[in-house]
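1. okay, sequence plus prediction incoming.
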Amino acid sequence: MNNKFKKLIVSIFLDAIGFIPFLPFDLFWAPVSGYIMTKMYKGKEGKIAGFVSFVEEILPFDFIPTFTIMWIYSYMIKKRKNENIIEAE
């Protein structure tokens, strides 16, 4: 199993942790989630995703799988966009 799919499994696991509906836990998990996101995904995209993850987790109803969405963006959407740019050159 390569790193890309290991990161997907970790992302799904971290999203599952974020779905725990317990407000005191959310207050702890929100900054941890944002920090982990910035470490998993580098650069400007990782910082933006970390902020979004923090905000989403701090809200009472957190049901958006931000880690998995970031994985899809990084390994599927961004990859296709880069391939199209290379082809256009």
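-> Sure thing, it's come through.

2. what about stretch 28-43, average pLDDT?
-> Averaging pLDDT along stretch 28-43 gives 94.

3. assign Thr68 to one of the three secondary structure states.
-> Classification of Thr68 by DSSP: H, G, I helix; E, B strand; the rest coil places it in helix.

4. and it, what does it touch?
-> Leu8, Ser11, Ile12, Asp15 (CB atoms under 8 Å, 6 or more residues apart in numbering). Where you see a C-beta, it was placed from the backbone N, CA and C, and this is true even at glycine.

5. and the third one, what is it in contact with?
-> With CB under 8 Å, 6+ apart as the criterion, the residues that contact Ile12 are Pro65, Phe67, Thr68.

6. which of the contacts of Thr68 has the most neighbours?
-> Neighbour counts for the contacts of Thr68, by other CB atoms under 10 Å, peak at Ser11, which reaches 23 neighbours.

7. report the contact partners of it.
-> Met40, Pro65, Phe67, Thr68, Met70, Trp71.

8. from Asp26, how far off is the spatially most central residue of the chain?
-> For the chain, the residue nearest the mean C-alpha position is Phe67 (2.4 Å; CA atoms, centre = their mean). Between Phe67 and Asp26 the computed distance is 15 Å (CB to CB, to the nearest Å).

9. follow-up on the earlier one: can you lay out the contacts of Thr68 as CSV showing pLDDT, secondary structure and distance to Asn2?
-> What follows is these, written out as CSV (pLDDT from 0 to 100; DSSP: H, G, I helix; E, B strand; the rest coil; distance: CB to CB, whole Å):
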residue, pLDDT, secondary structure, distance to Asn2
Leu8, 95, helix, 10
Ser11, 95, helix, 14
Ile12, 95, helix, 16
Asp15, 93, helix, 20
